[in-house]
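Participant: Could you work out the structure for the sequence below:
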Amino acid sequence: MLSILILSHSPDIAKGLREMCLQMVSGDVVIDAIGGTKDGRLGIDAELVLNRLKAIAAESDGVVILGDIGSTIMAAKNALDMLGVSGKVRIADAPLVEGAIVAALEASMGSPMERVVRKAEETKFVSKL
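Facilitator: Just a heads-up that it's a prediction; the model follows:
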């Protein structure tokens, strides 16, 4: 079973996007989200990212991470370096909302991690008009 980890500077965006993804999947996928700082402000809690990623990676066949901007990706990269689970975890270079939804759907259908990441990254090129 694959897991999706959503990272956002906003607690509300992280929570809302997780709920949206959960409502759209029908298969076996874990979707987790981290947003904001320990005290609820905008930002990212790098220690929480590290601890949550460690737990999720231990329980999953693989983890696909999607983040919004800058330091969420930096926190994910630092956690990967510290945990040494790089083969089991991938950071998708994708728009957060569209990428997370597509990744969750692909993972819930049992797609392998490389396909989940590729499909999430392809959302960069989807026109909305």
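
Participant: Gly27 touches Glu106, doesn't it?
Facilitator: No: between Gly27 and Glu106 there is no contact under CB atoms under 8 Å: 9.7 Å. Where C-beta positions appear, they are placed from N, C-alpha and C, glycine not excepted.

Participant: what about these two, which has more around it?
Facilitator: Neighbours per residue, other CB atoms under 10 Å: of Gly27 and Glu106, the larger number sits with Glu106, 24 against 14.

Participant: How about the contacts made by the nearest residue to that one once chain neighbours are set aside?
Facilitator: Spatial nearest neighbour of Glu106, chain neighbours left out: Val116 (4.4 Å); criterion: CB to CB, 6 or more residues apart in numbering. Contacts for Val116 (CB atoms under 8 Å, 6 or more residues apart in numbering) come out as Leu2, Val64, Ala92, Ala103, Glu106, Ala107.

Participant: Make TSV out of those residues and add pLDDT and secondary structure.
Facilitator: TSV is the format used below for those (pLDDT from 0 to 100; DSSP: H, G, I helix; E, B strand; the rest coil):
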residue	pLDDT	secondary structure
Leu2	95	strand
Val64	98	strand
Ala92	97	coil
Ala103	98	helix
Glu106	96	helix
Ala107	96	helix
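
Participant: Let me know the closest of those to Ser71.
Facilitator: The shortest approach to Ser71 among the contacts of Val116 belongs to Ala92, at 16.8 Å (CB to CB).

Participant: Do I have it right that that closest one meets Thr123?
Facilitator: No: counting by CB under 8 Å, Ala92 sits too far from Thr123 to count as a contact (9.1 Å).
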